[in-house]
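1. Sequence isn't available, so here's the structure alone:
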């Protein structure tokens, strides 16, 4: 959906992965190599999105990997984004008709058009 919107409006597309350790585990990361993690995350993001990017070569695409809460990472992009497509993981709460914390954060963070789509089973 992001490629369609970018193509329609003549925009570039940024595909982002954001991650942070749960609070009780942050101390485990003391001394970790953030640059190595970012390089590995970008490599994985490149591999996971290569087919769809190859099928949409007419859309300029940027890959971003950041360590931080997904909500905070989205907030940084929202100011520059015209349209955001956010994948929604339902987890164990698939029976609940509510948005998760990241979707709530994105919804209230800016003036960008936001579309929330389900993440297919087995996708990350």
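-> Yes, it's here. Worth saying up front: this structure is predicted, and the values here are computed from it rather than measured.
2. what about the residue most central in space within the chain, is that helix, strand or coil?
-> By C-alpha atoms, centre = their mean, the chain has its centre lying nearest to residue 16, at 3.9 Å. Secondary structure assignment for residue 16 (DSSP: H, G, I helix; E, B strand; the rest coil): strand.
3. any idea how far residue 67 is from residue 1?
-> Residue 67 sits 26 Å away from residue 1, going by C-beta to C-beta, to the nearest Å. Backbone N, C-alpha and C define where each C-beta goes, glycine included.
4. neighbour-wise, which of the two wins?
-> residue 67 (16 against 10; other C-beta atoms under 10 Å).
5. in the sheet, who's paired with that one?
-> residue 19 (DSSP bridges).
6. Can you read off the pLDDT for it?
-> Per-residue pLDDT puts residue 67 at 84.
7. What are the neighbouring residues in contact with it?
-> By C-beta atoms under 8 Å, 6 or more residues apart in numbering, the contact list for residue 67 reads 18-20, 34, 37-38.
8. at 7 Å what do you get?
-> 19-20, 34, 37 (C-beta atoms under 7 Å, 6 or more residues apart in numbering).
9. swap in residue 77?
-> Shown in contact with residue 77 (C-beta under 7 Å, 6+ apart): 14, 16.
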